[in-house]
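Participant: Predicted model and sequence follow; I will ask about them next.
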Amino acid sequence: MHMRVPIRCFRAAGAMAVTLATLACASDAPGPDRSEGFSTLVALSATRLDLSRQVALTKWDSRQPVADPPGDPREQEVVAAAAQAAGARGLPGELATAFFTDQIEASKLVQFALMASWRREGGAPAEPRADLRNELRPALDRLRPRFIDELAAIRSLRERPDCRERLAHAAARHVDAHGLSPLFAIGLDRGLARVCAE
């Protein structure tokens, strides 16, 4: 397991239960990085990557490609819905579009790398699977308003000249605290690439 979450957050077994517990506790874990202001956003991004790992497992089993087939509107719909919701909170649509596009690209990066490693190893891990349509995608969709709330909460931090340094340190602390693999550390960096204002 690449992510450790406080035991008190768990009440049920299974891969999906673990991820949902992680989602519920994403802003609950204590730690010194909370004062930096980016810890919740980083934790939510890590939760999304954990869901991406489970998406990769379901796609591996069904031999689906990582990328949606040509003409599939889901990614565009996800980004458009996020931009609309962000606008209702007074956030720039461009920020939401960039942020959620980056989150999707981070998910793909992790999925491509995991599937390649499973091919080299001769198979995917034997562990419980979650249903893509009925469990994983709804869980991903439930993250959207939490991301938007957090983007609104860090509005002033995004404008600071040290935004990138603070965000990078917050991500590094999360990686260390939760024992994330190098792949998931890279995924975090990719998903948070355009949080700070240019």
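Facilitator: Everything's here; your move.
Participant: Distance-wise, check residue 100 relative to residue 44.
Facilitator: Distance, residue 100 to residue 44, using C-beta to C-beta, to the nearest Å: 12 Å. The way it works is simple: take the backbone N, C-alpha and C, and place the C-beta from them, glycine included.
Participant: Mind listing the shared neighbours of these two?
Facilitator: Both residue 100 and residue 44 are contacted by residue 147, under the criterion C-beta atoms under 8 Å, 6 or more residues apart in numbering.
Participant: So between these two, which is more surrounded?
Facilitator: residue 100 (25 against 21; other C-beta atoms under 10 Å).
Participant: so what does the host helix or strand of the more buried one touch, helix or strand wise?
Facilitator: Per DSSP states H and E, residue 100 falls inside helix 93-121. Under the contact definition 3 or more C-beta pairs under 8 Å, 6 or more residues apart in numbering; DSSP states H and E, helix 93-121 sits against helix 39-62, helix 74-88, helix 137-153, helix 182-191.
Participant: any chance of those helices in JSON lines, with distance to residue 127 too?
Facilitator: Shown next, in JSON lines, are the helices and strands packed on helix 93-121 (distance: least, C-beta to C-beta, whole Å):
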{"stretch": "helix 39-62", "distance to residue 127": "8"}
{"stretch": "helix 74-88", "distance to residue 127": "25"}
{"stretch": "helix 137-153", "distance to residue 127": "17"}
{"stretch": "helix 182-191", "distance to residue 127": "17"}
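Participant: Residue nearest the middle of this structure, spatially speaking?
Facilitator: Note on the chain: the residue nearest the mean C-alpha position is residue 48, at 2.5 Å, using C-alpha atoms, centre = their mean.
Participant: Kindly provide the distance from it to residue 182.
Facilitator: According to C-beta to C-beta, residue 48 stands 18 Å off from residue 182.
Participant: what do you get for residue 114?
Facilitator: From residue 114 over to residue 182 the distance is 13 Å, taken as C-beta to C-beta.
Participant: Have a look at those two and say which one is more surrounded.
Facilitator: The residue with more neighbours, out of residue 114 and residue 182, is residue 114; 22 against 10, by other C-beta under 10 Å.
Participant: right, and that one touches residue 183 too?
Facilitator: Yes - the pair formed by residue 114 and residue 183 meets the contact definition of C-beta atoms under 8 Å, at 7.4 Å.
Participant: Run through this protein and note the low-pLDDT ranges.
Facilitator: 1-36 (pLDDT under 70).
Participant: again, 90 this time
Facilitator: Low-confidence segments of the chain, defined by pLDDT under 90: 1-36, 67-74, 198.
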